[in-house]
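# Build me a structure from this.
(2 chains)
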Amino acid sequence: DTEVTQTPKHLVMGMTNKKSLKCEQHMGHRAMYWYKQKAKKPPELMFVYSYEKLSINESVPSRFSPECPNSSLLNLHLHALQPEDSALYLCASSQGQWNEKLFFGSGTQLSVL
Amino acid sequence: GENVEQHPSTLSVQEGDSAVIKCTYSDSASNYFPWYKQELGKRPQLIIDIRSNVGEKKDQRIAVTLNKTAKHFSLHITETQPEDSAVYFCAAASSGAGAAGNKLTFGGGTRVLVKP
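The predicted model follows:
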């Protein structure tokens, strides 16, 4: 299995909703990442987990809350989002060296109404 | 922190011609330079990467060159085909032992259109 699986593929939520994005990989990768990508822009790093511990938080607002329950799973909990948070949320994983050869999931297209 | 500039932002080529995308980086500590291809509505996928101890790397129709002194690196695609149409992102990072805590910084992207 050489894939990073993200669910759901699409999500529409109101500003008062609570939802979660899920990411799963079974490649034995020990680093997992959340990126945010706006249309026609490069991915922007949000969080990095290394060996299930949060290693980087790129000053992301607290309405985004990451969680790494085990080495294969990564969640992003969403609460009280704003319309400007609408974007494609990409999960990625990598094995071995930090930042190298990232495998991206297909993403969750999030719309906040 | 690292800053990566990428040019051009759009590139239109005739099928069979070559395409060249250029990137510059600012942090001399960066030692790893990957290129990602993102087709419309798809995930970014790594197509080639190079480390700072290597000047050039090839993989079939794609090649990457690195000039550490000038802090720039380039992607070359030869014999372009319609399926090469996509957005290409360069990136730079510190990698390896001691790199933990350093992030991968992406360039702004180049939209490549290969016309049949």
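# Can you give me the pLDDT of the closest residue to chain A within chain B?
At 3.6 Å from chain A, B:F106 is the closest residue in chain B, using C-beta to the nearest C-beta. Bear in mind the C-beta positions are built from the backbone N, C-alpha and C, glycine included. Looking at B:F106, its pLDDT stands at 97.
# which one is it nearest to, not counting chain neighbours?
Distances taken as C-beta to C-beta, 6 or more residues apart in numbering or on different chains place A:P42 nearest to B:F106, at 3.6 Å, with adjacent residues excluded.
# residues near A:P66, how many?
Using other C-beta atoms under 10 Å in any protein chain shown, A:P66 is surrounded by 20 other residues.
# ok, it to chain B distance?
Note on A:P66: its distance to chain B, by C-beta to the nearest C-beta, to the nearest Å, is 15 Å.
# next helix or strand past the worst-scoring helix or strand of chain A on mean pLDDT?
Ranked by mean pLDDT, DSSP states H and E, the weakest helix or strand in chain A is strand A:53-57, scoring a mean of 90. Downstream of strand A:53-57, the next assigned helix or strand under DSSP states H and E is strand A:64-70.
# Can you point out the buried residues in that following strand?
A:F64, A:P66, A:C68 (16 or more other C-beta atoms under 10 Å in any protein chain shown).
# cool, and stretch B:108-116?
With burial defined by 16+ other C-beta under 10 Å, the residues of stretch B:108-116 counted as buried are B:G108, B:G109, B:T110, B:R111, B:V112, B:V114.
# do stretch B:69-80 as well
So, applying 16+ other C-beta under 10 Å, buried residues of stretch B:69-80: B:K71, B:H72, B:F73, B:S74, B:L75, B:H76, B:I77, B:T80.
# ok so, going back, tilt between the least confident helix or strand of chain A and strand A:64-70?
150 degrees (axes from the mean of the first three to the mean of the last three C-alpha atoms, to 10 degrees).
# Now do the same contact list for A:D85.
By C-beta atoms under 8 Å, 6 or more residues apart in numbering or on different chains, the contact list for A:D85 reads A:R63, A:F64, A:L78, A:L110, A:V112.
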